[in-house]
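**Student:** sharing a sequence plus its predicted fold:
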Amino acid sequence: MRILTGIQPSGALHLGNYFGAMLPAIRLQNEGEAFYFIANYHSMTSLTDPRLRRQYTLDVALDFLACGLDPKRCVFWKQSDTPEHTELAWMLTTLTPMGLLERCHSYKDKVAKLADGDAGAVNHGIFAYPVLMAADILLYDTNIVPVGKDQKQHLEVTRDIAMKFNHVFGDTFVVPEPRIQESVAIVPGLDGQKMSKSYGNTIELFGEEKATRKKIMGIVMDSRTPAEPKPDADKNLAIQLLKLVAPAEVATDYENRLRAGGLGYGDLKKALFEHYWTYFAPARARRAELAANLDYVNQVLNEGAVRARAIAQKTLARAKVACGLD
Ligand code: ADP
Ligand code: TRP
């Protein structure tokens, strides 16, 4: 079984990325052949600064390795080291109905934001993004794609494109399945919306201590007094996040105390910060070691690129034969 996922280097990674995509991917390393890449071509749809892209690319590499990606068990590389993705994307784009892309929520959200007066124009890359993503997945004969729920529709696009290609040009691609962890499908951000780099509402995995504490203590709650019982305790943002980073019985205890009344929001947020900080402490230490050994990190990525490329070239050649480009 082959497992593949990508993560964009478009900003510091956060709890949503971790619980939605990274942790499931790290767990799946032991269940098959894992292929994980840093989607730097994708990041071009939203980020132009080359220095920032380099920085974020390194950050993703450090974060993922620190959190438990094991280069002995998986292939880990930078997307731009396998340019076959863009060549296949062109071939796939000719089979992709415009309407399929026009219906994509992530594209529609970006257009809507623009209508709200967001700076910058919607570029063709944002529109064509799901086709590049399909190429990423199909090039590796992927069976399983661990992603957060927000990517479900993109996986459906990939499946549609794969089936269309197979229908038009003969059986060429494996049709992949998404693997979405329903329990943490969408991690909420500091403002209650989906946590996302592009919404500025994240709790970073490896944020600086003081700044992160300040962010967490700054979560806006309602004006009910501590003594008041809160029957909607399960909807409380801090409780939802606490459930991710604290042992289950601890989170349940806080939830019950909040529901019964008597627990203040300040104390709850303090607990959230402490548990968050402890949860990532071992990874934080590993990250510091890796950051002091960048030669090793680059070696991992380079070796990953060689292994990934050998497969990408084979699949691309097969697809080219299928459509008469050989
Ligand atoms: P962002 O929205 O911050 O830019 P990406 O689009 O780069 O994040 O997402 C990388 C991976 O992390 C994807 O698989 C995505 O589904 C997952 N992910 C991102 N945000 C969340 C979230 N809030 N909850 C669950 N998964 C998420
Ligand atoms: N589109 C994904 C995201 O924004 C990242 C991504 C790119 C990806 N290519 C992929 C995820 C292939 C899974 C498989 O989160």
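**Tutor:** Great, that's in hand. Ligands and ions are numbered 1, 2, ... in the order given.
**Student:** tell me which residue of the protein lies closest to ligand 1.
**Tutor:** G20 (1.9 Å; Cβ to the nearest ligand atom). Quick note: C-beta positions are derived from backbone N, CA and C, even for glycine.
**Student:** now for that residue, how many residues are close by?
**Tutor:** 25 (other Cβ atoms under 10 Å).
**Student:** next one: L100
**Tutor:** The burial count for L100: 17, using other Cβ under 10 Å.
**Student:** so it sits in a helix?
**Tutor:** Yes: L100: assigned to a helix according to DSSP: H, G, I helix; E, B strand; the rest coil.
**Student:** thought D160 was touching it, still the case?
**Tutor:** Yes: applying Cβ atoms under 8 Å as the test, L100 and D160 come out as touching, 6.2 Å apart.
**Student:** before we move on, the earlier item: excluding residues flanking it in the chain, which one is nearest the residue of the chain closest to ligand 1?
**Tutor:** G148 (3.1 Å; Cβ to Cβ, 6 or more residues apart in numbering).
**Student:** is it true that that neighbour touches I180?
**Tutor:** Yes: taking Cβ under 8 Å as the definition, G148 is a contact partner of I180 at 7.1 Å.
**Student:** tell me the spacing between D232 and G264.
**Tutor:** 16 Å (Cβ to Cβ, to the nearest Å).
**Student:** and the strand or helix carrying F37, what does it pack against?
**Tutor:** Using DSSP states H and E, F37 sits in strand 33-38. Applying 3 or more Cβ pairs under 8 Å, 6 or more residues apart in numbering; DSSP states H and E, one finds that strand 33-38 contacts strand 2-7, helix 23-28, helix 50-66, strand 74-78, helix 294-322.
**Student:** now it against strand 74-78, angle please.
**Tutor:** 20 degrees (axes from the mean of the first three to the mean of the last three Cα atoms, to 10 degrees).
**Student:** for the record, mean pLDDT for the helix or strand just after strand 33-38?
**Tutor:** Downstream of strand 33-38, the next assigned helix or strand under DSSP H and E is helix 40-43. Mean pLDDT, helix 40-43: 97.
**Student:** is helix 40-43 anywhere near ligand 2?
**Tutor:** Yes: using Cβ under 6 Å from any ligand atom, helix 40-43 reaches ligand 2 at H42.
**Student:** show me what that helix is packed against.
**Tutor:** Looks like helix 40-43 contacts helix 50-66, helix 124-138 (3+ Cβ pairs under 8 Å, 6+ apart).
**Student:** need the ones you listed in JSON lines with mean neighbour count, can you?
**Tutor:** Below are those laid out as JSON lines (neighbours: other Cβ atoms under 10 Å):
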{"stretch": "helix 50-66", "mean neighbour count": "19"}
{"stretch": "helix 124-138", "mean neighbour count": "23"}
